[in-house]
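Colleague: When you get a sec, could you give me coordinates for this:
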Amino acid sequence: MKSFVKVEEVEKEGLELLGGERVLLMCANYFYSGILRGVNSSFVKLEDPAIVYETGEWSKKTYSDEQKLPTKFWYVQTSAIESYGLSK
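Modeller: As a prediction, this is how the structure comes out:
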């Protein structure tokens with residue numbers, strides 16, 4: 001059994017740490033990219049949003065099929081996000 005002796009709260013961890021950065025959200029149905037502008041318990045707010053339909057090789061500088069959404073901001077439900085990180 002593992003016992004946790006010391007619990008430490010870290011501010012700006014996870015999605016909050018990536019605020020202002022271009023991110024890739026791998027969700028249950030689609031991949032979304034954009035500049036992370038907001039985070040709460042229900043949604044994240046992306047600026048300059050796009051759907052990534054095909055990533056292609058990860059070593060490439062751009063995605064094979066990334067299509068911009070026709071709006072300045074897009075909101076993605078946090079419960080649909082499976083993983084995330086910095087984007088290309």
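Colleague: Pick out the residue closest to the middle of the chain.
Modeller: Taking Cα atoms, centre = their mean as the criterion, L25 is the residue nearest the geometric centre of the chain, at 3.2 Å.
Colleague: how long is stretch 34-43 from one end to the other?
Modeller: With Cα to Cα, to the nearest Å as the measure, the ends of stretch 34-43 fall 14 Å from one another.
Colleague: For it, give the mean pLDDT please.
Modeller: When pLDDT is averaged along stretch 34-43, the result is 95.
Colleague: and G56, how many neighbours does it have?
Modeller: 13 (other Cβ atoms under 10 Å). Where you see a C-beta, it was placed from the backbone N, CA and C, and this is true even at glycine.
Colleague: hmm, I was thinking of E11
Modeller: Residues near E11, counting by other Cβ under 10 Å, number 6.
Colleague: So it, which state does it fall into?
Modeller: coil (DSSP: H, G, I helix; E, B strand; the rest coil).
Colleague: any idea how far it is from A50?
Modeller: Here the distance between E11 and A50 works out to 29 Å (Cβ to Cβ, to the nearest Å).
Colleague: circling back: who does the residue nearest to the centre of the chain form a beta bridge with?
Modeller: Y32, Y84 (DSSP bridges).
Colleague: so where's this structure shaky on pLDDT?
Modeller: Confidence mapping of the chain against pLDDT under 70 gives the ranges 2-4, 7, 9-10.
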